[in-house]
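Q: requesting a structural model of the entry that follows:
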Amino acid sequence: MALLEVKGLTKRFKGLIAVKNVSFTVDEGECVGIIGPNGAGKTTIFNLITGFLKPENGAVFLKGEDITNLKPYEIVNRGIARTFQLICPFPNMSVMENVLVPLYGKRKKLEGNLEEKGSEILKLVGLSHQKDKLARNLPHGDLKKLEIARALATEPEILLLDEPFAGLSFDEMAVLMEVIKKLHESGLTIVIVEHVMRVIMNLSERVIVISEGEKIAEGKPKEVVQDKKVIEAYLGVSTIA
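A: Residues are numbered from 1 along each chain as shown. This is a model prediction of the structure:
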């Protein structure tokens, strides 16, 4: 049984089809990339999985349980966490305090001191040295790490990352790639929406391609980038001269 199953999802906005009959599975321990042109429907798929939107058709299953109509907080409690493109930490709280907020919601299930758990998470993402700094004073690269840390504090089984590399410098990308690799190596299941192909090629074991709301390709990264339908979706041509 797949850890996550997306089955025939369709979503419309005032007659515009944003997602059309999209299906895929994610197995436990996988790192799956989702790519596609701007406006393809990738973030909408994340919003459907996490309960921020409800589909007209289709369903989402976590470990065989239909979670389609659950509220976002209920889906988090089931084990799915996500990051957002627009990072919104608590600006006047410290880095540690930002992580303690979601940890507090899990306090009944966690063993030991919450600050100790928070320290473990900050160490994992490389923010231990920034734990006392106010979130509003963090550089952009560290804000991305904090967004991931807050998601990890919900103790997820599967982590959805929505364009975590957007706006990062080359060096910041390299650092964040190592963070995500460590998370994956620890056994965490990851699904990542990203435009930076270098990231997708390095992190993903399997890639799903979305174009105009539909899944047009799926497979290993090196195979997918050579697919004629994928090339046409990105470049508007069927061949590369």
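Q: now do the SS call for the nearest residue to residue 94 once chain neighbours are set aside.
A: Excluding the flanking residues, the one nearest residue 94 by C-beta to C-beta, 6 or more residues apart in numbering is residue 132, at 5.4 Å. All C-beta spots, glycine's among them, are computed from the backbone N, C-alpha and C. At residue 132 the chain is in coil, as set by DSSP: H, G, I helix; E, B strand; the rest coil.
Q: buried ones in the helix or strand bottoming out on mean pLDDT in the chain, by neighbour count?
A: In the chain, no helix or strand scores lower on mean pLDDT, DSSP states H and E than helix 228-235, which sits at a mean of 83. Using 16 or more other C-beta atoms under 10 Å as the test for burial, helix 228-235 gives 230, 233.
Q: shouldn't residue 40 be in contact with residue 211?
A: Yes: assessed by C-beta atoms under 8 Å, residue 40 is found in contact with residue 211 at 5.4 Å.
Q: more neighbours, the two?
A: residue 40 (23 against 19; other C-beta atoms under 10 Å).
Q: setting aside sequence neighbours, what's the nearest residue to that one?
A: residue 210 is the one closest to residue 40 (C-beta to C-beta, 6+ apart), at 4.5 Å.
Q: now do the helix or strand containing that neighbour: distance to the chain's middle.
A: Applying DSSP states H and E as the criterion places residue 210 in strand 206-211. On the basis of C-alpha atoms, centre = their mean, to the nearest Å, strand 206-211 is displaced by 14 Å from the centre of the chain it belongs to.
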